[in-house]
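In: Only the shape, not the letters, is given here:
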Ligand code: UT7
């Protein structure tokens, strides 16, 4: 007869205990962008809400930015590196297929022997990571989880491509998630739509880049991201508003209960459209970090939360809706209490 297996049991609830961010030093304004593409400051500001973004310098690697963000998150959470038992890094711009960047980040931070792995869930990555952390903590697989969203999208952006050059940017955001006596992370509503996978893609595989061939202009092959922005814009503005409403329903939170709204910082007009579709009260604080940060994919939500907390616009303990959506297409949203 088979023995009855012990199963692990964790904390009743989980909570985001601290967030931290890293913004690269170099500020790239729209005046610089329009030296690369046929556009204007006015078009970029009115169509996307972006006035400036950060592009990483050579020393601001995926690992360096992650560690800087993570140290701030751990300090604010009051959690020592040695207490972190799980590190999840969401990125699509760690340019080595293996090993995962999470293992060296864990090691260099001092989270020795932590379970560590990368996930590829594009702009939904921080919310995917938060959902996993919540589950791991409640099953007992983990106690303190470090979730990092980090991108150096400038490495994969063709700065002469009119559809993407003004939008994508670099940065890192991190959160420490740990056990809680009271509910502080609501159920995730997540999913994917692979039928629309071709809307945001790396235009060629690394194998093409490595074959040594050159483009007609003599430039060596280097893959870059391509986006068919308008269908993504419509999908994000309408379908994602429904997902966000489902996440609020799942948590038992009505629009009038919500205090803070932090959507993925993809486009200011998407944020406005979602706000309207969700019928959120005018007093809800809305993250508008995209104006100075651009679209940093997996990093955008933790960076925006940090900005709201640092500016005093939002406060610890407030009820916030977070939702990420992007290449895949993938999406995930949940209601959390702010750290
Ligand atoms: O983070 C992952 C998920 N990503 C997103 O959620 C991004 C979603 N998409 C978007 O944010 C928007 O689609 C963009 C900001 C990328 C583009 O805005 P849009 O309102 O969808 O523009 P469009 O592609 O429909 O183009 C409108 C016009 C066109 O000109 P005509 O045909 O109306 O004369 C384009 O040729 O704007 C023109 N255009 C530009 N003009 C100046 C397109 N790109 C540019 C540009 N500068 N960079």
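Out: Ah, there it is. Every value quoted in this text rests on a predicted model; they were computed, and no experiment measured them.
In: Without its sequence neighbours, what residue ends up closest to the residue in the stretch 151-300 of the chain that the ligand sits nearest to?
Out: Relative to the ligand, the nearest point of the stretch 151-300 of the chain is residue 229 (2.8 Å; Cβ to the nearest ligand atom). Glycine gets a C-beta too; all of them are placed from N, C-alpha and C. Spatially, and ignoring its direct neighbours in sequence, residue 229 is nearest to residue 163 (5.6 Å; Cβ to Cβ, 6 or more residues apart in numbering).
In: Helices of this structure, residue ranges please.
Out: 30-33, 41-48, 62-77, 101-109, 125-139, 206-209, 229-234, 240-251, 268-277, 290-293, 300-311 (DSSP state H).
In: Export those helices as CSV, with columns for distance to residue 330.
Out: Shown next, in CSV, are the helices of the chain (distance: least, Cβ to Cβ, whole Å):
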stretch, distance to residue 330
helix 30-33, 27
helix 41-48, 21
helix 62-77, 20
helix 101-109, 19
helix 125-139, 7
helix 206-209, 21
helix 229-234, 12
helix 240-251, 11
helix 268-277, 16
helix 290-293, 19
helix 300-311, 14
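In: By mean pLDDT, show me the worst of the ones you listed.
Out: Mean pLDDT is lowest for helix 206-209 among these, at a mean of 76.
In: picking up where we left off before, please tabulate the helices of the chain in CSV, including the columns distance to residue 335 and mean neighbour count.
Out: Converted to CSV, those look like this (distance: least, Cβ to Cβ, whole Å; neighbours: other Cβ atoms under 10 Å):
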stretch, distance to residue 335, mean neighbour count
helix 30-33, 34, 16
helix 41-48, 27, 16
helix 62-77, 20, 22
helix 101-109, 26, 21
helix 125-139, 11, 24
helix 206-209, 38, 12
helix 229-234, 24, 16
helix 240-251, 4, 19
helix 268-277, 14, 18
helix 290-293, 21, 21
helix 300-311, 13, 24
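In: Between its first and last residues, how far does stretch 150-161 reach?
Out: Its first and final residues considered, stretch 150-161 spans 22 Å by Cα to Cα, to the nearest Å.
In: Return the helix or strand in this protein with minimum mean pLDDT.
Out: The helix or strand of the chain with the lowest confidence, counting by mean pLDDT, DSSP states H and E, is helix 206-209 at a mean of 76.
In: What's the local residue count around the residue nearest to residue 10 when sequence neighbours are not counted?
Out: Excluding the flanking residues, the one nearest residue 10 by Cβ to Cβ, 6+ apart is residue 140, at 3.3 Å. Using other Cβ atoms under 10 Å, residue 140 has 13 neighbouring residues.
In: which residues touch residue 140?
Out: Contacts here follow Cβ atoms under 8 Å, 6 or more residues apart in numbering; on that basis residue 140 touches 8, 9, 10, 11.
In: Give me the subset of these lying in strands.
Out: Among those, none falls in strands (DSSP state E).
In: Distance-wise, check the most centrally placed residue in the chain relative to residue 265.
Out: In the chain, the residue lying closest to the centroid (Cα atoms, centre = their mean) is residue 298, at 2.2 Å. Distance, residue 298 to residue 265, by Cβ to Cβ, to the nearest Å: 11 Å.
In: Right, I'll call it a day here.
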